[in-house]
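> Output the structure for:
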Amino acid sequence: QVQLVESGGGSVQAGVSLRLSCTASGRTFSNYAMGWFRQAPGKEREFVAAITWSLGRIYYADSVKDRFTISMDNAKNTVYLQMNSLKPEDTAVYYCAASLYSRRNGYTSKDFQSWGQGTQVTVSS
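Prediction:
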């Protein structure tokens, strides 16, 4: 089992930046990739970004790829999501997730087995 703890959410004005962090503990060596998802009220959970531990392969949703950056610190078992130029439509609960799988063509929520509790990001105009 992998335990994931997110931090860094908050309420901000449009245009500013936030950085989310996700620290993994437990059987972290078993996981191949880490990802970020978000879920806005009344909407389905959507993929935001993912990164593989070993090769550092990165994937982004089209809606964020020019504004968000995913990165990792292997020594700290921590994955970050730097979010710049935030928009009101970025408002959501953001979840960190861990996957056992290698997916060359990208990831969906079904590929992830462990999930964090989520952190709220609210962007006002």
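> Run through the bridge partners of the residue nearest the centre of the chain.
Centroid-nearest residue in the chain: W36, 1.9 Å away (criterion: Cα atoms, centre = their mean). W36 has these beta-bridge partners by DSSP bridges: A49, C96.
> Where does pLDDT dip in the chain?
Residues of the chain meeting the criterion pLDDT under 70: 29-30.
> mind running it again at 50?
The model of the chain has no residue with pLDDT under 50.
> The residue nearest to the centre of the chain contacts A49, doesn't it?
Yes. Counting by Cβ atoms under 8 Å, W36 does reach A49; the two are 5.0 Å apart. (C-beta placed from N, C-alpha, C; glycine too.)
> Need the residues touching each of these two.
Common contacts of W36 and A49, defined by Cβ atoms under 8 Å, 6 or more residues apart in numbering, comprise I70, L81.
> Which residues are in contact with T52?
Applying Cβ under 8 Å, 6+ apart to T52 gives the contacts Y32, A33, I58, S102.
> out of these, who's nearest I70?
I58 (5.9 Å; Cβ to Cβ).
> picking that back up, buried members of the contacts of T52 into PyMOL, please.
If you want just the buried ones from the contacts of T52 in PyMOL, going by 16 or more other Cβ atoms under 10 Å, the selection is:
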select buried, resi 32+33
